[in-house]
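Trainee: A predicted structure for the sequence below; I have some questions about it.
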Amino acid sequence: MFENLTERLTGIFNRLSSKGRLTDKDIDEALSLVRRSLLEADVNFRVARDFVGRVKERAQGAEVLESLTPGQQVVKIVHDELTALLGGGSSTGSGRAGITLSSQPVSALMLVGLQGSGKTTTAAKLALEQRKQGHRSLLIAADLRRPAAIQQLETLGKQLDIPVYSEDPKSSNAVRVAGNGLARAAELGVNWAIIDTGGRLQIDDELMAELADIGRAVNPHETLLVVDAMTGQDAVNTAEGFHQRVGLTGLVMSKMDGDARGGAALSITSITGVPIKYMGVGERSDGLEVFHADRLASRILAMGDVLTLIERAQEAVDEKKAKEMERKFRQASFDLNDFLDQLQSVKKMGSLDQIMELIPGMGQGGRNKMMAGDLDEGRLRRIEAIIRSMTPEERQRPEIINGSRRRRISRGSGTTPQDINQLLNQFKQTQKLVRQMNRSRNPASLMKIFGGR
Ligand SMILES: Nc1nc2c(ncn2[C@@H]2O[C@H](COP(=O)(O)OP(=O)(O)O)[C@@H](O)[C@H]2O)c(=O)[nH]1
Ligand SMILES: [Mg+2]
């Protein structure tokens, strides 16, 4: 996501951070490079100009924070301003978006956008995302222009086991389908009626009139415009057009997994006033992320998405356990039982590749691939089997494992004594690394522990 911009900005800030003291001229020079990088990323020129103006004002008037170097301080200001630019102003706190149900029994949500922007895909993604929060949806196929559109939604619904409402396109129309679909949603007692609508290649009056009619028929709680992040400033123009005609409550930036330059995401909210609520990050139905302005800002600045990582870790490990683990880590008193727990939480956190992306400094380069390869499923299973074949005492004090114990464990776990030696060595390394980590507090070393090297 936004690799070029990230590369440019980190280059500028690394140079800035290497200076012990910053003059106004240093800041000016750096910021004019920032402005140029933003323009190259296709950010609207006025947005870029105002952005740099705000950063400069704050940087020059900044009080000196003792904990930060002058360069870091500038980066922090840029981060804050990027967050604001992405819609994460003080009113939204951390800038967490997403959708919430209305007070009505059924909340209608209408997806609008140009053809191919990702409406139908997003409809299914949203239904899945809401199901994870315990909310049920009915998908409503109100794109009658292309027969294939109904089919597409029905296929997605079947895959995800989410009901779909549709009518014969020859004898119905979009407004009627939407209205009848909403009534069906009420009968079914679902929380969301998610309406997929038709698109055009460009904004045209007929489409806008149809969407306005659907809006009047269902009174949507959310009207989300799906825009293709790859289309840059065109996405911003599209959003302005739709917002004027149908009144949007939010945006879904689709195809953020592609090589979008960032201009659309960075300009769209400040120009239209409409918040980004979700990002599409893949073709599959699980490729949707709630939009967090501050996290995207961190990602753009390659500060790593530490917050996302922490949140995922918290979901995976229950909190008490995590505290206990932290205490043990600090005292370096953890044993093989803890080691097993850790491995299992890593497994629950998702694919290692994904996790690596979120760690500062780990996103790029081949290193993450190598380490992820180190911890494949087969190896995890072997480690688990070995530890499970140990007695409680052996798990707590692995140093008592002698030749005969080793043979017993290897028979019990269906592994070789070499496998056990390897694990015990790895565990010793881990203990050493934990001690080091306690000194350096570097998250990368935490991952080394999981990677085992
Ligand atoms: N890579 C990627 N592809 C997407 C994303 N969202 C949608 N697509 C793809 O974009 C194409 C058009 O999507 P579709 O939902 O049919 O668009 P619609 O015409 O607006 O309904 C399809 O091939 C989707 O798989 C996304 O977030 N990432
Ligand atoms: Mg569609």
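Mentor: Done, it's in. Ligands and ions are numbered 1, 2, ... in the order given.
Trainee: Would you agree His135 falls within a strand?
Mentor: No. Checked against DSSP: H, G, I helix; E, B strand; the rest coil, His135 lies outside a strand; its state is coil.
Trainee: so the most centrally placed residue in the chain bridges to which residues?
Mentor: Centroid-nearest residue in the chain, with CA atoms, centre = their mean: Glu289, separated by 4.6 Å. Glu289 forms beta bridges with Met279, as assigned by DSSP bridges.
Trainee: residues contacting it?
Mentor: Neighbouring residues of Glu289 by CB atoms under 8 Å, 6 or more residues apart in numbering: 278-279, 281. For glycine as for every other residue, the C-beta is placed from the backbone atoms N, C-alpha and C.
Trainee: Please identify which helix or strand holds the nearest residue to Leu114 once chain neighbours are set aside.
Mentor: Nearest non-adjacent residue to Leu114, counting by CB to CB, 6 or more residues apart in numbering: Gly199, 4.9 Å away. According to DSSP states H and E, Gly199 maps onto no helix or strand at all.
Trainee: Tell me which residues touch Gly199, please.
Mentor: Here Gly199 is in contact with 112-117, 119, 143, 207 (criterion: CB under 8 Å, 6+ apart).
Trainee: How much space separates it from Arg15?
Mentor: 45 Å (CB to CB, to the nearest Å).
Trainee: Around Gly116, count how many other residues there are.
Mentor: Gly116 has 14 neighbours, counted by other CB atoms under 10 Å.
Trainee: Would you agree it is in contact with Asp228?
Mentor: Yes. Look at Gly116 against Asp228 with CB atoms under 8 Å: they come within range, at 7.2 Å.
Trainee: check contacts around the residue of the chain found nearest ligand 1.
Mentor: Proximity of the chain to ligand 1 (CB to the nearest ligand atom) peaks at Gly280, 2.5 Å away. Applying CB under 8 Å, 6+ apart to Gly280 gives the contacts 118, 121-122, 125, 226, 229, 252-257, 287-288.
Trainee: swap in Asn44?
Mentor: 233, 236, 263, 267, 271.
Trainee: Tell me the pLDDT of it.
Mentor: Reported pLDDT at Asn44 in the predicted model: 92.
Trainee: next one: Pro70
Mentor: pLDDT at Pro70 comes out at 74.
Trainee: pLDDT at Ala209, what is it?
Mentor: Reading off the model, Ala209 has pLDDT 93.
Trainee: can I assume it sits in a helix?
Mentor: Yes. The assignment for Ala209 (three-state DSSP) places it in a helix.
Trainee: gap between it and Asp161?
Mentor: 35 Å.
Trainee: Which one's more surrounded, these two?
Mentor: A direct count of neighbours by other CB under 10 Å for Ala209 and Asp161 places Ala209 higher, at 12 against 9.
Trainee: Spit out the contact partners of Leu16.
Mentor: Here Leu16 is in contact with 22, 26, 30, 70-71, 74-75 (CB under 8 Å, 6+ apart).
Trainee: Report the secondary structure element holding it.
Mentor: helix 3-17.
Trainee: before we move on, what about Ile195?
Mentor: strand 192-197.
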